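Engineer: Fold the following, please.
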Amino acid sequence: MFSYSPYSEIKELSQSELRKQYDDLLEYGASHPEELEQNLAKLRDLITCYGLPSESEDDEYNVDEQATLRGKIWQLFLGLKQIYAEEYLSLVKLGPSSAHSIISLDATRTFPKEKTFRKRVTLEKLIRVLNAFQHKVEDRESLGYIQGLNCLVAPFLYNMPEIEAFYTFYHFIVDRCPRYCGNQMGALDGDSLVQQILKLVDPKLFSYLEKNSVQLCVFSHPALQSILTNTPPLEEVLKLWDWLFMYGVHMAVIFLVCILLVRREEILVAENPNSRYFQYHNKFSLDAELITNLAIQVVAQIPSDLYKLCAIHPLVPLNGNREGHDFTQSKGLKLVVKGTPD
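Structural biologist: Purely as a prediction, here's the structure:
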């Protein structure tokens, strides 16, 4: 089993050398589908150690023609095998959905300060994909459009052509985090898990916040509702999302705990660290490498039972029936850290 530590020695690679390693893995995987799991494991190791290379000019300007490297890798981890152009076009032809008004309003609020995003993803495209999604899930009450889904579809449109983005987004929601849609009970359970894990890994910080009557959900809930897309900059968010596809959406909970740990000293010396502090004092800028390195250390401290609850909460209530749910993909990072199965 691959063993990774943020402090281990890793061979330096240039951006072009790193890009070639990814291209070779993707090419090999396409010609050897029977070795999918082994290939995904190699991709997982490479991303964990190096991250993805900087985008090439082709990625920057031709996203309407082909997915970026990141988009291709997300699709692989999600297991997306087929898209249905005719179905998507038929959904688009249905026109405005029952959620069109709120979709149109939300679309204007999607990453307004991210110039590269605005250049690559038009409002019309956002609105079209979200209306099509609402039409497709219209008869599934638990999956209907809710405010904030605009920010969840945005990373897909930023990294792949429209039809691919639609189906990748759809399967991401349906297969990986259905409880983060509809009534958003997954985010509520995530709030509870953030508190439990923080209390475990940093009891001093947790006690300090509790003593000052800080409601951590004021900080955690918006971040979980948006699956971290509310914390700029977008490029760093996308690096964290790579880990959501590799190890599971539950990593958003772990990352939020890590953000609190990074802000620890700032919080402890704050004059008034109450709930409003987290709501309005939001000058924090993500550093994905720092957060992921810290996440590995945090995961190592979480008992297996709690980690398992965390891993499956996007799919199953914390107190629900968990039989029949595959934990294999979600426990991947736990195995990387501990080197032994649960």
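Engineer: Tally up the residues packed near Leu126, please.
Structural biologist: As a burial measure, Leu126 scores 22 neighbours (other Cβ atoms under 10 Å). All C-beta spots, glycine's among them, are computed from the backbone N, C-alpha and C.
Engineer: Identify the residues contacting it.
Structural biologist: Ala107, Thr110, Asn150, Val153, Ala154, Leu157 (Cβ atoms under 8 Å, 6 or more residues apart in numbering).
Engineer: Closest one of those to His32?
Structural biologist: Taking Cβ to Cβ as the measure, Leu157 is the one of the contacts of Leu126 closest to His32, at 30.2 Å.
Engineer: In three-state terms, how would the closest one be classified?
Structural biologist: Three-state call for Leu157 (DSSP: H, G, I helix; E, B strand; the rest coil): helix.
Engineer: where are the low-confidence patches of this structure?
Structural biologist: Residue ranges of the chain with pLDDT under 70: 1-10, 56-61, 273-284, 320-342.
Engineer: Find the centremost residue of it, please.
Structural biologist: Trp241 (3.6 Å; Cα atoms, centre = their mean).
Engineer: Roughly how far does that one sit from Thr292?
Structural biologist: Applying Cβ to Cβ, to the nearest Å, the value for Trp241 to Thr292 is 11 Å.
Engineer: Report the set of residues contacting both of the two.
Structural biologist: By Cβ under 8 Å, 6+ apart, Trp241 and Thr292 have no common neighbours.
Engineer: Can I get the contacts of Leu126 in CSV including distance to Ile163, neighbour count and secondary structure?
Structural biologist: What follows is the contacts of Leu126, written out as CSV (distance: Cβ to Cβ, whole Å; neighbours: other Cβ atoms under 10 Å; DSSP: H, G, I helix; E, B strand; the rest coil):
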residue, distance to Ile163, neighbour count, secondary structure
Ala107, 18, 21, helix
Thr110, 19, 20, coil
Asn150, 18, 25, helix
Val153, 13, 24, helix
Ala154, 16, 25, helix
Leu157, 11, 27, helix
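Engineer: Tell me the one of those residues nearest Val218?
Structural biologist: Looking across those and measuring by Cβ to Cβ, the closest to Val218 is Asn150, at 21.8 Å.
Engineer: The closest one touches Ser104, doesn't it?
Structural biologist: No. Contact between Asn150 and Ser104 fails when scored by Cβ atoms under 8 Å: they sit 9.8 Å apart.
Engineer: residues touching the closest residue to Val137 other than its chain neighbours, list them.
Structural biologist: Using Cβ to Cβ, 6 or more residues apart in numbering and skipping the chain neighbours, the partner closest in space to Val137 is Leu143 (4.1 Å). Going by Cβ under 8 Å, 6+ apart, Leu143 touches Val137, Ile173, Val174, Pro178, Cys181, Gly182.
Engineer: rerun at 6 Å
Structural biologist: Neighbour list for Leu143: Val137, Cys181, Gly182 [criterion: Cβ atoms under 6 Å, 6 or more residues apart in numbering].
Engineer: Of those - the most surrounded one?
Structural biologist: With neighbours taken as other Cβ under 10 Å, the top of the contacts of Leu143 is Cys181, carrying 24 neighbours.
Engineer: so is Leu198 in a helix, a strand, or just coil?
Structural biologist: helix.
Engineer: And for it, the neighbour number?
Structural biologist: Around Leu198 there are 21 other residues, counting by other Cβ under 10 Å.
Engineer: Which helix or which strand is home to Leu318?
Structural biologist: Assigned by DSSP states H and E, Leu318 belongs to no helix or strand.
Engineer: Identify the residue spatially nearest to it, adjacent ones excluded.
Structural biologist: If the residues on either side of it in the chain are set aside, Leu318 comes closest to Asp189, at 5.0 Å by Cβ to Cβ, 6+ apart.
Engineer: how near is that neighbour to His313?
Structural biologist: Remark: distance between Asp189 and His313 (Cβ to Cβ) = 5 Å.
Engineer: between those two, which one's more packed in?
Structural biologist: More neighbours surround His313 than the other of Asp189 and His313, with 28 against 24 (other Cβ under 10 Å).
Engineer: That one contacts Leu188, correct?
Structural biologist: No. Between His313 and Leu188 there is no contact, the gap being 9.5 Å when judged by Cβ atoms under 6 Å.
Engineer: okay but Trp74 is in contact with Trp243, surely?
Structural biologist: No. Trp74 is beyond contact range of Trp243, at 11.3 Å (criterion: Cβ under 6 Å).
Engineer: Let me see the domain layout of the chain.
Structural biologist: The chain resolves into domains spanning 1-54, 85-176, 185-338 when parsed by automatic domain parsing.
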